[in-house]
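A.B. asks: Can you look at this prediction? I've put the sequence above it.
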Amino acid sequence: MHLQQPHLCLGHCPHGVTCDPTAVTCCHLSHRSFHPPSPCAGSAWGRGMLSVWVGTQGRDSPCSGSPWWMVAHGAVTELCAGSSPEPGISAIHAGSQLQGTPAVPRQSRRRKSVAIAYEAGQGEGAEARWEPPRWREQLQRIRQMRSGRDAPVDEMGVHRCYDTSAPPEVRRYQVLLALMLSSQTKDQVTSAAMLRLRRRGLTVDSVLQMDEESLGHIIYPVGFWRNKVKYIKQTTAILKQKYGGDIPSTVEELVQLPGVGPKMAHLAMHIAWDSVAGIAVDTHVHRISNRLQWVKKETKSPEQTRVALEQWLPRDLWKEINWLLVGFGQQTCLPVSPRCSQCLNQDICPAAKRP
């Protein structure tokens, strides 16, 4: 492999070989790996500058024999026309120059559009991670408002609905059933339905032995109770056959169960498995996140909100945020006629109604 410009290396090769600046070949070019932003640790390539590889057509080319060239002394020549050696590459035109460096003319080849790779996060256009302004202050004030722990979710939420004295796999099954019942249902109604089921001995086997009519009579009046009867029977059969009566231990498997969505899956991981795989976003978390503008742009569904929140919210807050915002949404930031006058965030909430 031959250099088009003999003085590319100005120091020591990262592989431990001293490069001869007068030689025709350069030691580092015998190595196939791509090391942005500088192929040689001692060379004069600054942070964020273009990396260089020089090759000849058909010899050690990463582009299956196509001509590939890089930057030598500031002049961009030709690099893998039509392809690139690394992902995340943007295109510039051959002949572009680094500031303050003279172009080296090419005599025998037409200049083509080329692709130049930047090290991730080092280009001038690298974007800093977005986060909403004053979110920490808003969060702390919500914690203060929730310090009484007296919202319906605190007293009758899913974490209160299972038998703490039951075997671990039974407790996890009861958590999952409570989550399935809680969809589109007030906590008070879910809690009462779970209490009736537990009085019958709420296990995988007891539900499998129960006919749909009896099950429907017990869980009524939870929202969409007829559909939930079918989902509960189907899911329970799958748990018996595939998981030995326990519930899956991953979000990916949980959402495959009939009647189990992403919010339920993440809460099941939190409560049943004491594991945080993501943020559980229900209608309260979705609504409040948009009102506080905790999403970069407005989201249309809880799942979109989950993705948006996980892009910036520190992971150690993922479990707490559901509990905080659900209770806050039940007591203060109501769906209709929110109680802004009682909210400590009134002066810093973008959606607040101010006197």
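C.D. replies: Arrived safely.
A.B. asks: Only C-alpha atoms, please: export stretch 169-187 in CSV.
C.D. replies: In CSV, the C-alpha atoms belonging to stretch 169-187 read as follows (Å, rounded to 0.1, in the frame of the first residue of the first chain):
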residue,chain,number,x,y,z
GLU,A,169,-45.0,-17.1,41.7
VAL,A,170,-48.5,-16.7,43.0
ARG,A,171,-47.8,-13.1,44.0
ARG,A,172,-46.4,-12.3,40.6
TYR,A,173,-49.4,-13.8,38.9
GLN,A,174,-51.7,-11.7,41.1
VAL,A,175,-49.7,-8.6,40.2
LEU,A,176,-50.2,-9.3,36.5
LEU,A,177,-54.0,-9.9,36.9
ALA,A,178,-54.4,-6.7,38.9
LEU,A,179,-52.6,-4.8,36.1
MET,A,180,-54.8,-6.4,33.4
LEU,A,181,-57.9,-5.4,35.4
SER,A,182,-56.7,-1.9,36.1
SER,A,183,-56.7,-0.7,32.4
GLN,A,184,-59.4,2.0,31.9
THR,A,185,-60.5,1.3,35.5
LYS,A,186,-60.3,3.4,38.7
ASP,A,187,-58.1,2.0,41.4
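A.B. asks: for the closest residue to Val204 other than its chain neighbours, what are its contacts?
C.D. replies: Leaving out its chain neighbours, the residue that sits closest to Val204 by CB to CB, 6 or more residues apart in numbering is Gly245, at 4.4 Å. No exception for glycine: its C-beta is placed from N, CA and C like everyone else's. Contacts for Gly245 (CB atoms under 8 Å, 6 or more residues apart in numbering) come out as 169, 173, 203-205, 239.
A.B. asks: run the last query once more with 10 Å
C.D. replies: The contact partners of Gly245, by CB atoms under 10 Å, 6 or more residues apart in numbering, come to 167, 169-170, 172-173, 203-205, 208, 236, 239.
A.B. asks: Then Ala352?
C.D. replies: So Ala352 contacts 291-292, 333, 338, 340-341, 343, 345-346 (CB under 10 Å, 6+ apart).
A.B. asks: picking up where we left off before, filter the contacts of Gly245 to the buried ones?
C.D. replies: Buried members of the contacts of Gly245, scored by 16 or more other CB atoms under 10 Å, are 169-170, 172-173, 203-204, 236, 239.
A.B. asks: Reformat the residues you listed as JSON lines; add secondary structure and pLDDT.
C.D. replies: Converted to JSON lines, the buried ones among the contacts of Gly245 look like this (DSSP: H, G, I helix; E, B strand; the rest coil; pLDDT from 0 to 100):
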{"residue": "Glu169", "secondary structure": "helix", "pLDDT": "98"}
{"residue": "Val170", "secondary structure": "helix", "pLDDT": "98"}
{"residue": "Arg172", "secondary structure": "helix", "pLDDT": "98"}
{"residue": "Tyr173", "secondary structure": "helix", "pLDDT": "98"}
{"residue": "Thr203", "secondary structure": "coil", "pLDDT": "98"}
{"residue": "Val204", "secondary structure": "helix", "pLDDT": "98"}
{"residue": "Thr236", "secondary structure": "helix", "pLDDT": "98"}
{"residue": "Leu239", "secondary structure": "helix", "pLDDT": "98"}
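A.B. asks: Just give me the closest of the residues you listed to Val260.
C.D. replies: In terms of CB to CB, no member of the buried ones among the contacts of Gly245 lies closer to Val260 than Leu239, at 10.9 Å.
A.B. asks: from what I can see the closest one touches Met180, true?
C.D. replies: No: at 11.8 Å, Leu239 and Met180 do not qualify as touching, with contact defined as CB atoms under 10 Å.
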